[in-house]
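> Take a look and give me a structure for this.
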Amino acid sequence: MACTLVGINSVTDCTPNQGGIVKSFGCKLSDITSVTITAGVITNFTMASVGLWEEYVYDGDGTANFNQTGSVNNNRFSNEQAAFVKFKGITAAYVDAANNAKDCCDVVFIHVLANGTRLVQGFEALAATGAPERTQNRNTRIIPNVNTDTTQNEARMEFNITGNSNSFTLTTDLDDAAILAL
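Okay, here's the model as predicted:
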């Protein structure tokens, strides 16, 4: 991308901007055959077949987040992308989900922010419509944790979804129904 500076003014009103993510949708990168981009926003995913996106509704305790931290090594920019979500309790289904998730090397997640913005984690930003490429610096994958904790706290399963790319994520304008219909 060419160097362009864009002015930003976040002090235009007193509207609170709640952080965090409220839900996510995930699939394997290999399930996406093409991405349609219009004016820098993903407007469609072409999938290998229907019904490949999974919906993740996690604890509403304010701990779910998705952070993108840029860094420079000499003159080389990279972006650490890390999402954290947790699901209360431990069940056989949670343990099975954790065991299955740990084996996925390239995943794509759409994270829904509290303000409705949807960030797409798991592939390099594309300038035009086409097949997505995996995150170049480190595959995006799920690192699950299953924690009993102590009697003073809550047992839980956690997903850390991490990868490292050359750019920040793209957004999508697809709503929940459209994602699940793909």
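
> Would you mind measuring the gap between the ends of stretch 53-67?
22 Å (CA to CA, to the nearest Å).

> Run through the residues that contact Val120.
42, 108-110, 169-172 (CB atoms under 8 Å, 6 or more residues apart in numbering). (C-beta placed from N, C-alpha, C; glycine too.)

> run the last query once more with 6 Å
Residues in contact with Val120 (CB atoms under 6 Å, 6 or more residues apart in numbering) are 42, 110, 169-170, 172.

> Which helix or which strand is home to it?
If you go by DSSP states H and E, Val120 is part of strand 118-121.

> Direction included, what does that strand pair against?
When pairing is defined by DSSP bridges, strand 118-121 lines up against strand 107-113 (antiparallel), strand 170-172 (antiparallel).

> Kindly export that strand (C-alpha atoms) in CSV.
Coordinates of each C-alpha in strand 118-121 appear next as CSV, following Å, rounded to 0.1, in the frame of the first residue of the first chain:
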residue,chain,number,x,y,z
ARG,A,118,-16.9,-6.6,12.0
LEU,A,119,-13.2,-7.3,11.7
VAL,A,120,-11.9,-10.3,9.7
GLN,A,121,-8.9,-12.1,11.2
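
> Next, please give the residue ranges for the strands of the protein.
With DSSP state E applied, the chain shows strands at 21-28, 32-38, 41-47, 54-56, 65-73, 76-88, 107-113, 118-121, 138-147, 156-165, 170-172, listed in chain order.
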